[in-house]
Every structure is written in C-alpha cells, then in structure tokens.
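[1] next input, structure requested:
(2 chains)
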Amino acid sequence: MYRITEKQEIQPNINMFKVYAPAVSKKAEPGQFVIIRSNERGERMPMTIAGTEPDEGTVTIYFAEVGASSKELGALGEGDDILNFSGPLGNAIPIEEYGNVLCIAGGVFQGANYYLSKRLHEADNEVTNVICVPSEDHLFLLDEVESVSKNVLVATDDAANGVNLPELLEKVFKETSFDRVFTFGPTSMQRLVAETTRPLGIPTRVALFPIMVDGTGMCGACRVTVGGATRFACIDGPEFDGHLVDFDELISRMRYYTAQEKIAMVLHERRIV
Amino acid sequence: MAFDVPQVEMPKQTPEERVNNFDEVALGYTEEQAVQEASRCLGCKNPQCIKGCPVDVDIPSFIELIKTEKYVEAAAKIKETNALPAICGRVCPQENQCQKRCVLGVRSEPVAIGRLERFAADYERKHGEPSKPVKGERLGRVAVVGAGPAGLTVTADLLMRGYDVEVFESLHEAGGVLMYGIPEFRLPKAIVQAEVDYVKSLGAKIHLDATIGRLHTISELFESGFQAVFIGSGAGLPRFLNVPGENLKGIYSANEFLIRTNLMKAYRFPEYRTPITVGRNVAVIGGGNVAMDSARCAKRLGAENVYIVYRRGREELPAREEEVENAEDEDVIFRLLNNPVRFIGDDRGYVTEMECIGMKLGEPDDSGRRRPIEVEGSEFLMEVDNVVVAIGQTPNPLIQQTTEGLEVTRWGTIVTDEETMKTSIDAVYAGGDVVSGAATVISAMGAGRRAARAIHEYLTQSHSAT
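    Numbers count the residues shown, from 1 in each chain, chains lettered A, B, ... in the order given. This is a model prediction of the structure:
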C-alpha cells in the first residue's frame, strides 16, 4: 500500500497527488512513469512522473479524471492508500546540454513538462515553454515553469482571447532557432508539433502514452510503429523521435476501448458497479 | 494384477457446461478414487518414475502413503523436494516425465502420478496444519528476482536451508505465469495464492511492484547486503508475426490476452475495470499450450467460432495432448497447415479479415520437426473479429540491459552453467524461461532447485573461507 501524503484539486477534473513510495522516489527521472492500481478491481493505469521529493520519500503525479478507473483514483484523499504503485518504468529522457530547447506541453502533462524543464534548466539549457490549454484557466504550475524558463508562451483553443497552437508555433519558429523540441501532451497535439518541426529539421522528441497493461514489456499492447518497426512504448520508449512515429496508427489504437470505457463510466456514475 | 487395471478416470465438467464458466475443468479425485489409483503402483525397487521428475519427488513413497490413507503425510513427502505440488499436479506434462517411465505403462496405462500429487496437495491444503517459518541461525541473505515457478522454488529451498530470502516481483501479484498466464479453469488462482502463501509461511518476504532493472539493479541488490541473487524473470516479451496489419485493433499477443483475462479478470468486466474485446470469430495463431489456453479463454469469453491456426500438422502441435483434446471437446476448430500472411482492417482500424496461406511439411529442421513450406497459390481469407498471436516469447531485456558483465545468447536468454545455473557473474544465478526460453513450469522449478543447491554451496564455501 502506498499512502497519498498530499492532494490538490488543480481543476475540477485534474488532481495532484504526492504518493509515499521511497524507493521509486529515489530512482525516478523525467520521462519515466508509474503504473497505478487503486484497488483490487482496478485497471493498471500508466501515469507520467511529474516530480520526486526523495527527502520525503514521495513521488508527484498529476492525472485527469477521464474514465471510471481514474475517477475512482481521484475520489481518494490525503491519508488514503493506493494499492499498487509500480515504477519507475520506461526510459528516462536523457538530460544533456542541448542548447536552446523548446518544451511544448498540453493539458495534464504540464506537470511532467515542468519536471523535465526544470532538469533541462539545471543542465544549462535555455528553455522556452509553450503551454497548450483549452483556455487560460486550465493553466497550472505557471510560476514554477516561469522560474526555470527564459520564456513561457501560452496557446489556447479559445482563439477569441489568444492565439492557437499552429499560429503560435509558426511565430516561435520564425523568431528563434531551437536545437531540440520536447513534447508531452495529447497525441494529436504531439503530431501537430512533429509535423511543424519536420520541415525545419529540428530534432523533436515525443513522449507517448498508448494503452498499456503491465508496463514492463510483457503484453505488447503499447506497440507503436516508429520508423517502420514495431516498438514497445513501455520498454523502448516512452520517448521517441517524433518524425518517425506513425501517429495515425497510434491514435487509432488509443481509441480501442472507447466503447468499454463509456460502459464502465456510466455504470460507475450510476453506482451500479 | 495391476497390469490390466486401467487408470482411475478423473471427473471433469462436461464440455457443454464448462465453456460457459471459468471454473476448473478437472475436478480431482475423491479419497476412494485416490486410494484405488494409488493401489495400482507396483512400488518398484528401482523406481524409474523418480528419474523422470525434474525436482526428484520421491514418487513411490508418497503414493504408498496415499494407499494407506496418510494423505497429509503424502503431501509432506512431496514438499520435501517440491514446494508447489498443487500446481505441478495440475500443469506438469507428466506423460513426458514421471509417467512416461512408469513400468506399468509398458503393458497398460502408467500410474496417474499427477492426479495423485494433486489429490495429496489439495487434501493437505484443506486439512493440514499451516507451516511455520524455518527457525535457527541464518546462513545469509539471498535476493530472488521474479515470483514465478523458478523463483518460488529457489525461495522455498533456500528458506528450508536456513537463508533469509527476499523476492522482487514486478507485477501486483506473486506467481508469475501461474497467475497471469495459465487460466483459472486450468489452474485456479486461489490454489496459486495458497502455494505462494505456503512459501511466505516459510519466511519469504515478497516485494510486489518491484521491477528489477528499473527500481533496483542487480548490483544495487548486492550493495544493499544480499550475498547472492537468483534471476527468474521469465519469458517476457511477446513475439509477433511481423506481417502487414498486425497492429490493427483486435489483434492481441497471447500475453496481453491472457494477462487481461487471468491477472486482471477482464472476464468479469465491468465489475473488474480492465476491458477485453472478443467478437464472433477469434483466430489463435500457434499450437502450443499458450495457444490452447487462449482459444479456450476466447470460447468462455463468448466467441462463437474459435480457430487454432497452426502452420504444421496435428502430430506436430507442441501443446500437451490433454490440452489439445480439451480444446477439441470444447469445439475449438483446428485449421492446421495454415499460416497468416496479412491482416485486413476496416476504416476504423479494426481487424476484419486475415489472409492465410496453406502449408505442407518438408524435411525435418533443426528442432527435428518437419519444416513447414508455403503452398503457392493457396491463399484464402478468413473472417476474424479478434486474433491472438501465440507464437512464443523472447526474454525481457531489462535486467540484461542494466547488468554489466552478464553474458546473454543472441536470443537474449541468460547464459548459465547447466548444473549450477550460475551466470557469468559471481554469486548471480538464473533459471526458468529467462535461461531456457519459453518452457514448462516444472523445468523452471528444476532449474530453481539446482540453483538453490549451488547458491547454498557457494555461500557456505565463502563463509568457511572467511
């Protein structure tokens, strides 16, 4: 059992947990993930690590309540226990001195992105952040991100009050040349980023989160076509060269269980199971 | 007299009944049946059966105890060399091991050793006393990676020899393939749990959610005070066919299909949260026990037509004959001498058809089996809603990648000494599927026993040296 030592409701559907898991806390690095199972009947859910506090023995995660399993997890509070918290899994993103880097993040992945930006900043990179949200009230960790970045820009889907991602990216790449791009976020956003940087020839790393079960290479559910070859996101990734990823296949595969997820959600909301 | 008396049959659920549930198919002997079967044993002076057992169970002695109705003592006799008898009694291929060598088998049927082993273990679980931790001076600390058949065997053996043993298991349940792979109807999870509990009762400390190679490396285990390490991390990664369309939705590896069904209990979705999809037509590719398990799960999950598509013939099926018969009885359709060449999907990315090609058998290959050859122009389409690829596994690379100096083969299996299971690194031993490639539960246990003996010798020698 793993104790939730701190919980913050960031937004109506997004939570932050600090979970007591000292061994994981000591070992985890940006880009790695944990597999969480909240109770006996629960799914194994992969979640990106968004920070560690080795002195307190805790690991920070942010998650959106999108289905029955994540809603059950979100219903837990400070002092409650999570049944399984397995990690760190996946490969860490190599932290090197790349030079001028652009980190692009969307939605709940603002947490994981801050963790990465911080490490890149500590490794003497010049970090620019682009945060992509439906509207400005979906921003979080903004002050923290600003503290490790040269520049933070916000793209919103709410075009009336701001600028959308394609326009913002066009502007950013016109003004500045980057040595490397990292992106955490919804897969359609990552595809847009990869398509934008491809003609510019900027190395672009995408952290992928396809459907997973065990997270250790056993099941093959997370297979992704990268450069024409099948790779497993859990052990070969989750970070890949964005210009080589078959995003159409990935997005299709991520929708595999949409019908079942809806059934589970309805039954959960009506408290049937 | 025993020569002309046939084996006592073990009662089973009827095929009509069992395809609608996940309960165990074979129901086990009653006391009367067990005594009757035990009485067929000739009690040979030079018993051949023991030579067929990878873990040296004293078979004639435990059968003699059953004959005299000392069932708990019979189980204790088995447990002297085999910590997991209720499991072995169910899943060992006895027909190729102990029973193959039984002299009765020459003229009639061999003694049903597996069924008797299962009976004794089941009886003891219900009626025996719980075991106690092994007491006395501790001889050393050993870390075991993986709580599957090999790891649990090493653990039990070393605990009984007086070591402190900690097990590091990646998944959220101990048991390895016994838990995630072999289905409930062949090996109930409550029985695996009871055997794991037995190993714990001897004093094992089992860390779940602990993936070695990520959470800790092998060298970190030594730094934290372990004096020897056993790696039993299993077969790991699923193999795919590498044909077009294999990443369409609806195509599972057998590992995924079985993990969802068994470990995550997807057959009880949505009460259990992990989903699985099973449509009308399910094709399972492969001919081993894992393929049979997948096909029989698909049937129980509601598929109308379940096919086994195998590139060789019936004679060449690697699965146990008993499992093939069980699948046949459950109306699994065998499409032998066929091989998939591509998968075709709809506009939403779900698989709808599978193109196969007919095969014929040529000359024997390295494995001694006749090599399958494609028959030109024999391509045909099969309608499929799901496909389960059950053509084997390759070892998980996490430990190999993070352990400097660990010698591996070009297939990724760990190189060990055959007798001691010692790897290229001092004090590091390995066994089970990570060494042999996918094999049987009992061969993994045999490797575990040999490793435990070698670890004990190594640690006692290094103690006396200092």
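[2] break the chain down into its structural domains.
    The chain I'm using is chain A. A:2-89, A:93-200, A:208-273 (automatic domain parsing).
[3] actually it's chain B I care about, not the one you picked
    For chain B, automatic domain parsing gives the domain ranges B:2-127, B:141-236+B:395-465, B:238-393.
[4] can you redo the ones you listed as TSV with mean pLDDT?
    As requested, the domains of chain B are arranged in TSV below (pLDDT from 0 to 100):
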stretch	mean pLDDT
domain B:2-127	93
domain B:141-236+B:395-465	94
domain B:238-393	95
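[5] any idea which of these is most buried?
    Among the domains of chain B, domain B:141-236+B:395-465 has the highest mean neighbour count (mean count of other Cβ atoms under 10 Å in any protein chain shown), at a mean of 22. No exception for glycine: its C-beta is placed from N, CA and C like everyone else's.
[6] and it with chain A, contact?
    Yes: residues of domain B:141-236+B:395-465 contacting chain A under Cβ under 8 Å from any Cβ of the partner chain: B:170-172, B:180, B:208-211, B:214-216, B:236, B:396-398.
[7] about what we covered before: how about the domains of chain A in a markdown table, adding mean neighbour count?
    Below are the domains of chain A laid out as a markdown table (neighbours: other Cβ atoms under 10 Å in any protein chain shown):
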| stretch | mean neighbour count |
| --- | --- |
| domain A:2-89 | 20 |
| domain A:93-200 | 18 |
| domain A:208-273 | 19 |
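[8] got JSON lines for those domains, with distance to B:E271 and mean pLDDT too?
    Formatted as JSON lines, these follow (distance: least, Cβ to Cβ, whole Å; pLDDT from 0 to 100):
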{"stretch": "domain A:2-89", "distance to B:E271": "6", "mean pLDDT": "95"}
{"stretch": "domain A:93-200", "distance to B:E271": "27", "mean pLDDT": "94"}
{"stretch": "domain A:208-273", "distance to B:E271": "5", "mean pLDDT": "93"}
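[9] just put those in JSON lines and tack on distance to chain B.
    Formatted as JSON lines, these follow (distance: least, Cβ to the nearest Cβ, whole Å):
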{"stretch": "domain A:2-89", "distance to chain B": "4"}
{"stretch": "domain A:93-200", "distance to chain B": "14"}
{"stretch": "domain A:208-273", "distance to chain B": "4"}
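[10] out of those, nearest to B:E322?
    Checking the domains of chain A against B:E322 by Cβ to Cβ gives domain A:208-273 as the closest, at 26.3 Å.
[11] CA atoms only: put stretch B:83-93 into PDB for me.
    Extracted in PDB, the C-alpha atoms of stretch B:83-93 (Å, rounded to 0.1, in the frame of the first residue of the first chain):
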ATOM      1  CA  ALA B  83       7.200 -26.600  -2.900                       C
ATOM      2  CA  LEU B  84       4.300 -26.300  -5.300                       C
ATOM      3  CA  PRO B  85       2.600 -29.700  -5.600                       C
ATOM      4  CA  ALA B  86      -0.900 -28.500  -6.200                       C
ATOM      5  CA  ILE B  87       0.400 -26.600  -9.200                       C
ATOM      6  CA  CYS B  88       2.600 -29.400 -10.500                       C
ATOM      7  CA  GLY B  89      -0.200 -31.900 -10.100                       C
ATOM      8  CA  ARG B  90      -2.300 -29.700 -12.500                       C
ATOM      9  CA  VAL B  91       0.100 -28.400 -15.100                       C
ATOM     10  CA  CYS B  92       3.100 -30.700 -15.300                       C
ATOM     11  CA  PRO B  93       3.400 -32.700 -18.500                       C
END
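[12] for stretch B:433-441, output the C-alpha coordinates as CSV.
    Provided in CSV are the C-alpha atoms of stretch B:433-441 (Å, rounded to 0.1, in the frame of the first residue of the first chain):
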residue,chain,number,x,y,z
ASP,B,433,12.3,-19.2,-19.1
VAL,B,434,14.9,-16.4,-18.9
VAL,B,435,17.5,-19.1,-19.4
SER,B,436,15.8,-21.8,-21.4
GLY,B,437,13.3,-19.7,-23.5
ALA,B,438,9.6,-20.5,-23.0
ALA,B,439,9.4,-24.0,-21.5
THR,B,440,7.4,-25.7,-18.7
VAL,B,441,6.6,-24.8,-15.2
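[13] remind me, longest helix of chain B?
    helix B:441-465 (DSSP state H).
[14] check the offset of it from the chain's centre.
    How far helix B:441-465 lies from its chain's middle: 21 Å, per Cα atoms, centre = their mean, to the nearest Å.
[15] dump the residue contacts of the residue of the stretch 51-200 of chain B at minimum distance from chain A.
    Here the stretch 51-200 of chain B gets closest to chain A at one residue, B:H172, 4.4 Å apart by Cβ to the nearest Cβ. Taking Cβ atoms under 8 Å, 6 or more residues apart in numbering or on different chains as the criterion, B:H172 is in contact with A:R37, A:R44, A:L83, A:N84, A:S86, B:L208, B:D209.
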